[in-house]
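Engineer: just a sequence and a predicted model for now, questions to come.
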Amino acid sequence: MAKLNIKKGDTVVVISGKDKGKTGKVLETEMVSNRAVVDGVNIITRHQKPKSAKEKGGIVKKPAGIQISNLMVICSACGKATRIAKKEIDGKNARICKKCGASLDKAFVKAVKKDAKKKEEVKVEKQTEKVENTAKTTAVKKPATKTASEKVSAKKASANITTQIHKASNRGN
């Protein structure tokens, strides 16, 4: 039995049958029968008897399963119906859009975003270290005796350095 390319929560479009062109979210998949239940697609009508005094009987409309081969996944990045490729990225298997190359797995996208955030934090830390090092070297080079105008310029320079440090640390947020 082959694995299904369509998972619960995917947005799909019907490519053949009476509901051709309709889109919806996959509510559940049935691996044994190769079917998926899609919200708003393949609506069936059932006459239902009341099973107890509290329940009402009547005509109930609900979505039924549709063959997986009649569905195509819609890529969230490019917005087009696409075939699915499988690719191993960072030791994890991911479903990839054939048209734009974006990942279709939400968990994988979150993991990639976390990795990018960590890299950004490291980058900001390195920038703050560089700014602090340059501030230390400029402070060491200046002579011990200062005139009034030199004191004012030194205060401005230290204020500029602190604003640069704050800006660099705020970029990571």
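Structural biologist: Thanks, I have the structure now. Numbering: from 1, shown residues only.

Engineer: how far away is residue 64 from residue 89?
Structural biologist: Going from residue 64 to residue 89 by CB to CB, to the nearest Å gives 36 Å. Just so you know, the C-beta spots here come from the backbone N, C-alpha and C atoms, and that holds for glycine as well.

Engineer: same question, residue 77
Structural biologist: Distance from residue 77 to residue 89, by CB to CB: 15 Å.

Engineer: need the contact partners of stretch 21-33.
Structural biologist: Applying CB atoms under 8 Å, 6 or more residues apart in numbering, the contact partners of stretch 21-33 are 1, 4, 6-14, 35-41, 63, 65, 68, 74.

Engineer: does the closest residue to residue 74 other than its chain neighbours have beta-bridge partners, and which?
Structural biologist: In space, not counting the residues next to it along the chain, residue 74 is nearest to residue 11; the distance is 4.6 Å by CB to CB, 6 or more residues apart in numbering. On the basis of DSSP bridges, residue 11 is bridged to residue 25.

Engineer: residue 11 touches residue 77, doesn't it?
Structural biologist: No. Assessed by CB atoms under 8 Å, residue 11 is found out of contact with residue 77, at 12.0 Å.

Engineer: what about the two, which has more around it?
Structural biologist: residue 11 (17 against 14; other CB atoms under 10 Å).

Engineer: please enumerate the helices of the protein.
Structural biologist: Under the criterion DSSP state H, the chain carries helices at the ranges 106-141, 148-171.

Engineer: picking up where we left off before, what residues are up against the residue nearest to residue 74?
Structural biologist: 23, 24, 25, 26, 73, 74, 76.

Engineer: recalculate using a threshold of 10 Å.
Structural biologist: 23-26, 38-39, 73-76, 79, 81, 104 (CB atoms under 10 Å, 6 or more residues apart in numbering).

Engineer: all good on my end, thank you.
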